[in-house]
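**Q** Sequence and predicted structure are below.
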Amino acid sequence: MSQVLTDVNSPELKSTRATRNFPLSLTTCLVLVVGFVAHLPFVIPQFTWLWNTDHYSFFPLAIVAFAWLVWQRLRDRNVTIVEQLSRQTLGYFVFNLCLIGLASIAGSTWLGWVSFLFFLWTMAHYVLDSESIKDIRGAFLVLLLIIPLPLNLDTALVIQLQKIATAQGSLLLDYFGIMHSVSGVAIRLPEKLFLIDDACSGIHSLFSALTTMLVYTVYRRYGIIRIVAALLQTVFWVLVANSIRVFLIVYAFTHWDAGLEYGWRHQVVGFISYVFILLMAISTDETIRYFFPPPYTDEEGEDELGRRRRRIQWFPKTTAWLNCPFSHRVSSVIMGCFLIGFIFSGVATAARSWGSSSQAGTGNFEGKLAFDLTEKDLPQEVNGWKRTGFRIINREKNDLFGANSMIWTYENNGVEAQFSIDGGYPEFHDLWFCYSSVGWSLRRSDNPQLPGSLGDKRDTVATELQLYRGSSEQAYVLYTCIDSEGHVVKPPPPAETFIRNFLNRLRSGSVLSERKDAHIVPPVIQFQTYTHTDTEFFAHERSGVRDLFSALRDAAYQQVVPAKQSSPSKITESNK
């Protein structure tokens, strides 16, 4: 049930309410509609990103669970629609406008998504009475789990989970006497290498299991301490389940050649481990309830502790001041200002999106780049380096390392180097924040001029990264970016300053938009050489890798960017 709060002493309000059947006023409806539309330029791409990201693709179910919890809490309550602007609600609206304004200025989809979810919270406080808000505020916790971790921290979390799953799975293999070795996030048997991917790290089951348990605890009206305890023990069972999962995959291969590491069998193992996590988490919660039973719960689902909380007034004077409503006339003026603010933010965001819509984003190779290459399109041998392999990798569209990669492997005196062509990107692709997101630290960065030429002989600049991870892992990276016209994209200054590192983390986590350069014609692709070793790189080894990169970069450039004078037809054919 619902009712509208009215002032019986106000004839104007009384006549207005008497003739209005719809529970919300025109002003409230306008703010709802305009606020929702203003957030659409952020909500739509964020929906797409969440759906295409495996460990957040459960978000539609989280939204459905949120709506169900709200309905379940309010269905038997005499809900009062107050449409009351208090000082507290005014603060929420101001903060909401600041969020969407910053999102529009920074071009941040992440901030826009946070602003949209906070907009729902703000409108609930404006429309509903305080008792109804207290009933549904727990449901809003579910929405927090569909906000992606900022600064690309979920990628760092994947790395940590992979390391834990690898280490614990290795301990189980040792216990059962299976000979193996561990290198990073890989388990190597004499006859096979098992790479612990994102799925086996537990990142998929972690977020979805936490969301499921949060819905469960909110439904049972747990307090904040019990909710935190339930989520922590869920994390524990995720780690246990995925360590066992890694062990079973390797054990099944050594004993039965079961092939659980790929295909439908791998999916079945993942589903069983997820069910195991939920069953153990709920079982643990029931055990905690047995030893530490919650307070008595009445027929309406509210326990004695909950009723006690309602009677407690923390800082009563401050609470009374914050909840003091403005007059009807002042509220109307303020809400009109917020309406104009949302309109302005929506128009500014739409204009920004329209202005950048013609620019190509991360996706498949396209445009003026001829990209039909095979293993033999690059030399078999370069200065003692011999080609030993070739592979093509197709990743997710929004992957930091690019949607597509063609990788040629070369070896020389036991050192392996991978030369790749990666892309496409809307602008210069800063590999430093990609490698930093997977655990690498920067020892040194530079933009050296290397021998060779790409089109214009002046454009021979490359970006050099000397990286380390842990106490032994070393990596040496060289790369150059070119746009669809074949021009070298000028790299930014070396990536050793704190400000640049921080801005890169913001961009990689979609908190800031990418930099734009009017001279770049997207899509941009990248030539890269990556060399990884467990020992220190010597100067002559880095010199050899630089020579290899220069030679392969020039050879790949000739294949990818056709000479406009000699073979103009090849450019046209590549677009078909």
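**A** That came through fine.
**Q** Residues in contact with stretch 169-176: which ones?
**A** 180, 182, 187, 196, 243-247, 250-251 (Cβ atoms under 8 Å, 6 or more residues apart in numbering). All C-beta atoms are positioned from the backbone trio N, CA, C, and that covers glycine.
**Q** can you give me how far that stretch is from the chain middle?
**A** How far stretch 169-176 lies from its chain's middle: 33 Å, per Cα atoms, centre = their mean, to the nearest Å.
**Q** Flag the least confident of the contacts of stretch 169-176.
**A** Checked by pLDDT, the contacts of stretch 169-176 have Ile196 as the lowest-scoring entry (69).
**Q** Output the contacts of stretch 169-176 as JSON lines; include the columns distance to Ile393, secondary structure and neighbour count.
**A** Conversion of the contacts of stretch 169-176 to JSON lines gives the following (distance: Cβ to Cβ, whole Å; DSSP: H, G, I helix; E, B strand; the rest coil; neighbours: other Cβ atoms under 10 Å):
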{"residue": "His180", "distance to Ile393": "26", "secondary structure": "coil", "neighbour count": "16"}
{"residue": "Val182", "distance to Ile393": "24", "secondary structure": "strand", "neighbour count": "15"}
{"residue": "Ile187", "distance to Ile393": "21", "secondary structure": "strand", "neighbour count": "24"}
{"residue": "Ile196", "distance to Ile393": "17", "secondary structure": "coil", "neighbour count": "25"}
{"residue": "Ser243", "distance to Ile393": "27", "secondary structure": "helix", "neighbour count": "23"}
{"residue": "Ile244", "distance to Ile393": "29", "secondary structure": "helix", "neighbour count": "18"}
{"residue": "Arg245", "distance to Ile393": "24", "secondary structure": "helix", "neighbour count": "25"}
{"residue": "Val246", "distance to Ile393": "23", "secondary structure": "helix", "neighbour count": "26"}
{"residue": "Phe247", "distance to Ile393": "27", "secondary structure": "helix", "neighbour count": "21"}
{"residue": "Val250", "distance to Ile393": "24", "secondary structure": "helix", "neighbour count": "22"}
{"residue": "Tyr251", "distance to Ile393": "28", "secondary structure": "helix", "neighbour count": "18"}
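**Q** can you give me the strands in the stretch 151-300 of the chain?
**A** With DSSP state E, counting those that start in this stretch, the ranges of strands along the stretch 151-300 of the chain come out as 181-183, 186-188, 193-195.
**Q** Can you tell me which of these is most buried?
**A** Neighbour counts (mean count of other Cβ atoms under 10 Å) averaged over each of the strands of the stretch 151-300 of the chain peak at strand 186-188, with a mean of 17.
**Q** Parallel or antiparallel, which strands does that strand pair with?
**A** Its sheet considered, strand 186-188 pairs with strand 181-183 (antiparallel), strand 193-195 (antiparallel) by DSSP bridges.
**Q** where does the closest residue to Gly486 other than its chain neighbours land on pLDDT?
**A** Nearest non-adjacent residue to Gly486, counting by Cβ to Cβ, 6 or more residues apart in numbering: Val561, 3.7 Å away. In the predicted model, Val561 carries a pLDDT score of 78.
**Q** And Val561, how close does it get to Ile393?
**A** Here the distance between Val561 and Ile393 works out to 22 Å (Cβ to Cβ, to the nearest Å).
**Q** and these two? which has more neighbours close in?
**A** For Val561 versus Ile393, neighbours defined as other Cβ atoms under 10 Å are more numerous around Val561 (22 against 14).
**Q** I figured Val37 hits Gly346, correct?
**A** Yes - counting by Cβ atoms under 8 Å, Val37 touches Gly346, with 5.8 Å between them.
**Q** Please identify which of the two sits among more neighbours.
**A** Gly346 (20 against 14).
**Q** Make sure the more buried one is indeed in a helix.
**A** Yes - under DSSP: H, G, I helix; E, B strand; the rest coil, Gly346 falls within a helix.
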